[in-house]
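> No letters, just coordinates:
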């Protein structure tokens, strides 16, 4: 018997950003699979907690084993539809088995912090690797760019991109959004290669005319 897999968006990190739907979904599960940080958001959960690391093939195997005993919750950061483990899980087990439970993305929080609409933002990721050249060439006309970071070389890529950017832009680095050590800073392109970013980092590249 195939049991349901709930892919649960846990927001940017703070318990305050968990949705009621996410909490209700967790209550229906007999096992939770996720990073130690995300599992820690549910101290009241009495079922089995299964921690996973960065090895995605190992994570999928653990999810497959976990669902044999009943509904399993797969915890993901932010929203399942945005650069998430959710795609891999759905491709493996199928849409009839998996249910996405939406969450608040750090992208939404970042734009809220600066008071800007994000419906016209271009969203890319350099979390695992640098964007390819076709993506880069299409960015120069964009007035709002959101870049998910997460590795040291991410900032080197951003620096090289900005050195050829024709617009006057402001670069805002967001780290640990919604957490007690949240930090927002404006950074210059020339200093980017010296900055060490955490795994929960996001950069907004915004036309200066849009920010007052």
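Yep, it's here. What you are looking at is a predicted structure, and each value in this text was computed from that prediction instead of being measured.
> Helix or strand, whichever it is, which one in this structure has the lowest mean pLDDT?
Here the helix or strand of the chain ranked lowest by mean pLDDT, DSSP states H and E is helix 133-137, holding a mean of 77.
> I'd like the next helix or strand past that helix.
Next helix or strand after helix 133-137 toward the C-terminus (DSSP states H and E): strand 144-148.
> so where is this structure shaky, pLDDT-wise?
1-2, 166, 193, 212 (pLDDT under 70).
> can you list the domains in it?
Following automatic domain parsing, one gets these domains for the chain: 5-101, 106-210.
> now those in a markdown table, with mean neighbour count?
All C-beta atoms are positioned from the backbone trio N, CA, C, and that covers glycine. Formatted as a markdown table, the domains of the chain follow (neighbours: other Cβ atoms under 10 Å):
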| stretch | mean neighbour count |
| --- | --- |
| domain 5-101 | 18 |
| domain 106-210 | 16 |
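> So which elements touch the helix or strand hosting residue 73?
Here residue 73 sits within strand 72-76, counting by DSSP H and E. Judged by 3 or more Cβ pairs under 8 Å, 6 or more residues apart in numbering; DSSP states H and E, the packing partners of strand 72-76 are strand 5-9, strand 31-34, helix 36-39, helix 56-66, helix 86-93.
> Adding distance to residue 78, write these out as CSV.
Listed next are the helices and strands packed on strand 72-76 as CSV, based on distance: least, Cβ to Cβ, whole Å:
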stretch, distance to residue 78
strand 5-9, 6
strand 31-34, 13
helix 36-39, 11
helix 56-66, 17
helix 86-93, 10
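> Looking at these, which is nearest to residue 170?
Closest of the helices and strands packed on strand 72-76 to residue 170 is strand 5-9, at 28.8 Å (criterion: Cβ to Cβ).
> Residues touching the closest one, excluding its own?
Contacts to strand 5-9, defined as Cβ atoms under 8 Å, 6 or more residues apart in numbering, come from residues 19, 22, 25-26, 28-29, 63, 67, 71-80, 84-86, 89-90, 93, 97-105.
> and what of stretch 65-75?
2-8, 10, 25-26, 28-35, 38-39, 41, 48, 50, 63, 85-86, 89, 93, 97.
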